[in-house]
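# Please find the sequence and the predicted model below.
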Amino acid sequence: ALVATALVTITPFLITFEKGQDIVRGLLEYGIFAVLLFYLAMKRLVAFRYKWILLLGVYVLLVVISWIDLQTILFCKKQSIGSFIAIPLVTSLLAMLFLKDVKGVSVRYMSTILFISFFIHFGVLRILPSQPIFQFSIPLFLAQKQSYVDRSFLTDDFRAFHEATDSVTITKYYVDSSRSNVVVLVESWGIPMDSAMFAKELALLEGSIKDYGIHFRMYSRTRTAEREDLLDSAWRDSTGRRDSLFMPNRFASLGYKTSFLFGGDSTIQWRYKYIQNIGFQNAFWTDSATADVEMAAKIDSLLNLPDSVKQFIAWTTRDTRFPISDDPVECENLYYERLFGTLRIIADLAKKHPNVRFIVQGDHEPILSPLEFQAKFYRRWVPFVVLN
């Protein structure tokens, strides 16, 4: 039953998968799992001549739940169902065929398995919230229909007060080759749909702001954002192969001391493999609970070197990294507490070094947060702020 449920659940997700998508989903659809267990229980109780009615009824239930599950996926992608309608029909039929020769189970066994599975799901969710075991598509589908908000497009009112660009690269337009530069990538800093909250975030950086705005990320990945933000230029050579130059390489050739800082282990997203390749001479890592405080202190010490030593520093913050909590209310409180703390650290650092250019931006919205909290942010839009 688990294998058949996985077949029905995972197939539509894989077929509709897009690179860089940010949908957090369960591996098994709970409603489909329950229907398949019910089918195995009824196999022992239904007379042979009525089994075709049981088969038809279970198949219809599977198709309906699978269709609802598919709709929750397409809803997030803003796509119509179109030819995808065939997926529930085919996967449900395959699941039924898969269980054709499986022996039936007792009703007590079915109820016990569903009860235990339900609590295992929530137990594991507290340990690994980014990958739930079960997907509850029916309540999610109903919630989506009741509160539809298109998060992909900024409202006209928002655009009227904030400069917005579709460019994925911002850093190269603001770096200053006449002085030291610090490029800060704030983990999970997205654009809240509540403009008043965004104003509170910007207020923490007041006094040093030279320019600010919002821009669009093509992919919701920190590692991709790190590379996008540091890309200087790209071209194709005589053979047609794509080549590129990153800003750390260019600034190193100008005599700058280049450093990369990350509040985590070097093996996370294989950073140790590519940080040196894009031109950083030094890399600093830490797994401390106060990662942002420690890294800010390290940047402060680098910037306190004699003025003749120019610095090009890139720092990816850590304190707002998800998962934080699977409770939407607690998650929101903790997220803003940590985000405000990180922004204050950056503001203090910029004020302490007024001759250094700071370029601060988000990597993506809180993509690994509970859906209720995630829905409060524009999708793939992130802020950028230029200090000093």
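Perfect, thanks for sending it.

# can you count the residues close to residue 111?
Other residues lying near residue 111 total 12 when counted by other C-beta atoms under 10 Å. Where C-beta positions appear, they are placed from N, C-alpha and C, glycine not excepted.

# now residue 348
Other residues close to residue 348 by other C-beta under 10 Å number 13.

# Would you mind stating the distance between it and residue 293?
Here the criterion is C-beta to C-beta, to the nearest Å. By it, residue 348 lies 11 Å from residue 293.

# Now do the contacts for residue 333.
For residue 333, the contact set (C-beta atoms under 8 Å, 6 or more residues apart in numbering) is empty.

# right, and residue 366 touches residue 335 too?
Yes. Using C-beta atoms under 8 Å, residue 366 is in contact with residue 335, at 6.4 Å.

# Now for these two: what residues contact both?
Listed as contacting both residue 366 and residue 335 by C-beta under 8 Å, 6+ apart are 188, 320, 373.

# For the last one, which three-state class applies?
Per DSSP: H, G, I helix; E, B strand; the rest coil, the local secondary structure of residue 373 is helix.

# And the helix or strand harbouring residue 75, what's buried?
Taking DSSP states H and E as the criterion, residue 75 maps to helix 51-77. For helix 51-77, the neighbour count (16 or more other C-beta atoms under 10 Å) marks 54-55, 58-59, 61-63, 65-73, 76 as buried.

# Kindly report the same for stretch 277-284.
Buried residues in stretch 277-284, defined by neighbour count with 16+ other C-beta under 10 Å: 278-280, 283-284.

# can you tell me the average pLDDT over it?
Averaging pLDDT along stretch 277-284 gives 85.

# Give me the distance between it and the centre of its chain.
Put simply, stretch 277-284 sits 25 Å off its chain's centre (C-alpha atoms, centre = their mean, to the nearest Å).

# what sits up against it?
The contact list for stretch 277-284 (C-beta under 8 Å, 6+ apart) reads 227, 230, 246-252, 257-262, 266, 271-272, 275-276, 295, 298, 314.

# from those residues, which ones fall inside helices?
Among the contacts of stretch 277-284, the ones falling in helices (DSSP state H) are 227, 230, 247-252, 271-272, 295, 298.

# And those residues, which of them are buried?
The neighbour-count test (16+ other C-beta under 10 Å) marks 230, 247-252, 271, 295, 298 as buried among those.

# Generate CSV for these, with pLDDT and distance to residue 218 as supplementary columns.
Converted to CSV, these look like this (pLDDT from 0 to 100; distance: C-beta to C-beta, whole Å):
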residue, pLDDT, distance to residue 218
230, 87, 15
247, 89, 19
248, 89, 21
249, 88, 22
250, 90, 23
251, 91, 25
252, 89, 27
271, 81, 20
295, 92, 27
298, 93, 31
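
# okay if I get those residues as TSV plus distance to residue 158?
Below are these laid out as TSV (distance: C-beta to C-beta, whole Å):
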residue	distance to residue 158
230	28
247	30
248	33
249	36
250	34
251	34
252	39
271	34
295	32
298	36
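
# quick one: which of those residues is nearest residue 93?
Nearest to residue 93 among these is residue 271, at 45.2 Å by C-beta to C-beta.

# my read: the closest one touches residue 261, true?
No. At 10.9 Å, residue 271 does not count as touching residue 261 under the criterion of C-beta under 8 Å.

# that older thread, out of residue 366 and residue 335, which sits in the busier spot?
Each of residue 366 and residue 335 has its neighbours counted (other C-beta under 10 Å); residue 366 has more, 27 against 20.

# Not including adjacent chain positions, what is the nearest residue to that one?
Counting by C-beta to C-beta, 6 or more residues apart in numbering, residue 188 is the residue found nearest to residue 366 once chain neighbours are left out, at 4.6 Å.

# Tell me if I am right that that neighbour is in a strand.
No. Judged by three-state DSSP, residue 188 forms no part of a strand; its state is coil.

# quick one, phi psi at it?
As for residue 188, its main-chain torsions (degrees, to the nearest 10) stand at phi 60, psi 30.

# pLDDT at it, what is it?
Residue 188 carries a pLDDT score of 91 in this model.

# ok now do it, which residues does it touch?
Applying C-beta under 8 Å, 6+ apart to residue 188 gives the contacts 320-322, 335, 339, 362-369.

# Export the buried residues of stretch 277-284 as CSV, with columns for distance to residue 236.
Below are the buried residues of stretch 277-284 laid out as CSV (distance: C-beta to C-beta, whole Å):
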residue, distance to residue 236
278, 19
279, 21
280, 25
283, 30
284, 34
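
# now those residues as a markdown table including distance to residue 174 and secondary structure?
Output for these, formatted as a markdown table (distance: C-beta to C-beta, whole Å; DSSP: H, G, I helix; E, B strand; the rest coil):
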| residue | distance to residue 174 | secondary structure |
| --- | --- | --- |
| 278 | 18 | coil |
| 279 | 18 | coil |
| 280 | 19 | coil |
| 283 | 23 | strand |
| 284 | 23 | strand |
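
# quick one: which of these is nearest to residue 17?
residue 278 (28.0 Å).

# wait, residue 264 sits on residue 292?
No. Taking C-beta under 8 Å as the definition, residue 264 is not a contact partner of residue 292, at 11.1 Å.

# For the two, list the residues in contact with both.
residue 318.

# Tell me which of the two has more neighbours.
Neighbour count, other C-beta under 10 Å: between residue 264 and residue 292, residue 292 has more, with 25 against 17.

# just for the stretch 1-150 of the chain, where's the confidence low?
For the stretch 1-150 of the chain, the stretches with pLDDT under 70 are 18-24, 47-48, 76-79, 129-130, 144-150.

# which residues of it fall in helices?
With DSSP state H, counting those that start in this stretch as the criterion, the stretch 1-150 of the chain has helices at 2-15, 30-42, 51-77, 86-98, 107-127, 137-146.

# got the buried residues for the fourth one?
Same thing as helix 86-98. Those would be 87-88, 91-92, 95-96, for helix 86-98 by 16+ other C-beta under 10 Å.

# again with the last one
For helix 137-146, a neighbour-count test (16+ other C-beta under 10 Å) marks 137-138, 140-141, 144 as buried.

# Could you do the first one as well?
Buried positions in helix 2-15, judged by neighbour count with 16+ other C-beta under 10 Å: 4-6, 8-13.
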